[in-house]
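Here is a sequence together with a model predicted from it:
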Amino acid sequence: MCIRDRLSGVLGAFLGMGMARLTAMEAAVCVHAEAGELEALDHGEWGMAAGELCDSIRAVINGRSAPVGGWRLASSFSGEGDDGEA
C-alpha cells in the first residue's frame, strides 16, 4: 500500500459524505498530514508505513487527538465549499 491510498480513501469518504470537492480535498490533506504528525510523534519520522496511519486518521477525524500541526477543521462537514458544489 502506498501513502496515496490513505489520502485518496479519506478524500473518497469525505466526498461520499457530500462535501464539496475543494472542501473535501483540503480536509483530506489536513487530516492526512495531522495523522502523519501524530504517528511521527509516537514512532519517529523514519520508516513509517502507510498502514500505520489508520488509527491516527480515525483519531483526527473523530477529534480524539490534540492538534499537532496547529489547525482544526472548522465546519468542513457542512457540504458547502468554494467550488460551488453542495
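On my side now, so go ahead. Everything numeric in this text was worked out from a predicted model, so none of it was measured.

what stretches of the chain score poorly on pLDDT?
The model of the chain has pLDDT under 70 over residues 1-4, 65-86.

Quick one: the helices in it, in order.
With helices called from DSSP state H, the chain shows them at 3-16, 21-43, 54-61.

Rebuild those as JSON lines, extending it with mean neighbour count.
Placement of C-beta: from N, CA and C, glycine included. Listed next are the helices of the chain as JSON lines, based on neighbours: other CB atoms under 10 Å:
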{"stretch": "helix 3-16", "mean neighbour count": "16"}
{"stretch": "helix 21-43", "mean neighbour count": "19"}
{"stretch": "helix 54-61", "mean neighbour count": "18"}
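
Quick check: closest non-adjacent residue to Ala40.
Met48 (6.9 Å; CB to CB, 6 or more residues apart in numbering).

Number of residues surrounding the one you found?
Neighbour count of Met48, defined by other CB atoms under 10 Å: 15.
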